[in-house]
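Peer 1: how would this look folded up:
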Amino acid sequence: MTISISYQAYWELFREVDETQQNFDPADKFDVIWKYPQELGEGYRRVIRLQEGLQLEISSYQLRDSLIMQLSERPHPVQYSFLLSGSWSSEQMTMILGQYSLCGSGTFPKGSFQQSKEQRFQEINVHINPERFRALVGDESGELPQNLHHLIQKPIYECYTRTGTKTSQMQGVLHKILNCPHQGGIKRMYLEGQTLELMALLLEQELELQNSSKEDLSLKPDKVERIYYAQEILHKRFNNPPSLMELARLVGLNDCTLKQGFKSVFGTTVFGYLYDLRMEQAQLFLQEGRMNVSEVAKMTGYASRKSFAAAFKRKFGNNPRDCGQ
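Peer 2: The predicted model follows:
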């Protein structure tokens, strides 16, 4: 049996068990643990607020049934996760034992998140808000190194995502997090140091990857041709676009190369390009006056008039009903 649940309903189940929230560490009010909702499985979710804008989560649970969570489009912080057991998949990536994921800030697109009940799920997860990330990694003014700009996107653009394989150094830090010998404020200081060390190791790999990817793209013009083909597909299917993984498959690239190459060729992400394309088409339809706002919202792939109107106003600064007047 497989349970299908919305993102909102999933977290509502956690809110319903708020009375099970308790301090994991009696000496630290910023270290709390929740029981996993009984309707879905057995286990816990532990959340430790290390400092303003920096949060560590340790999850361990066994699902009763396989789970499909329907995800809505939503804002996303900088985040990195290490999978210790189990697996999960989405349109953006697939995670298996021994891997990590790195996500930048921006908008995470709608889709689905799938987990199997076959194995116990264990994960270490760190969230960092963009301002804290800039303060930690940037210069005195908060400016990031050029090759890390893609990790901080405006809310209208899709966040950067990729997976990688954890190293022995990373494994050593994860072991220290899981076996922290301290309590209270000293514990949080210790764990903050470990999470920042993990981030440093990840960003070191990210810089190497960005440098090598740019060299690869400059040496292989056929990749640029495939990226232009991806652009053509988006124009043809802007009202019902493929997922990033499907688009990568259609043009014969892996998703990481497509994301990086698309940004290099067009100066924006796939999601950002699609957003601009939809809005430009919507503006044209409204100016022609042959369709009303609800019809244009549906034509451009929006599930509701309200979400379309909000996106249109972010782009052009006015409401769609005023267009063409």
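
Peer 1: okay, CA-based contacts and neighbour counts for the rest of this
Peer 2: Will do.

Peer 1: what's the longest helix along the chain packed up against?
Peer 2: Secondary structure of the chain per DSSP state H: the longest helix is helix 184-219. Helix 184-219 sits against strand 41-51, helix 168-178, helix 255-266, with contacts defined as 3 or more CA pairs under 8 Å, 6 or more residues apart in numbering; DSSP states H and E.

Peer 1: Contacts for the longest one next, please.
Peer 2: Meaning helix 255-266. For helix 255-266, the external contacting residues (CA atoms under 8 Å, 6 or more residues apart in numbering) are 160-162, 213, 217, 223-224, 227, 244-245, 248, 268-270.

Peer 1: Next, the angle from the longest helix of the chain to helix 168-178.
Peer 2: Using axes from the mean of the first three to the mean of the last three CA atoms, to 10 degrees, the direction of helix 184-219 lies 150 degrees away from that of helix 168-178.

Peer 1: If you count neighbours, what's buried in the next helix or strand after helix 184-219?
Peer 2: Going down the chain from helix 184-219, the next helix or strand is helix 221-236, by DSSP states H and E. Residues of helix 221-236 classed as buried by neighbour count (16 or more other CA atoms under 10 Å): 223-224, 226-231, 233-235.

Peer 1: I'd like the distance from helix 221-236 to the chain centre, please.
Peer 2: Chain-centre distance of helix 221-236: 24 Å, with CA atoms, centre = their mean, to the nearest Å.

Peer 1: start the count at 7, not 1, going forward
Peer 2: Taking 7 as the first residue, the last one we looked at is helix 227-242.

Peer 1: May I have the helix or strand that it is followed by exported as CSV, CA atoms only?
Peer 2: Following helix 227-242 in sequence order, the next helix or strand is helix 250-257 (DSSP H and E). Provided in CSV are the C-alpha atoms of helix 250-257 (Å, rounded to 0.1, in the frame of the first residue of the first chain):
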residue,chain,number,x,y,z
LEU,A,250,13.8,19.1,-15.1
MET,A,251,14.7,15.4,-15.1
GLU,A,252,12.5,14.7,-18.2
LEU,A,253,13.9,17.8,-20.0
ALA,A,254,17.4,16.6,-19.4
ARG,A,255,16.5,13.1,-20.7
LEU,A,256,14.9,14.6,-23.8
VAL,A,257,18.0,16.6,-24.7
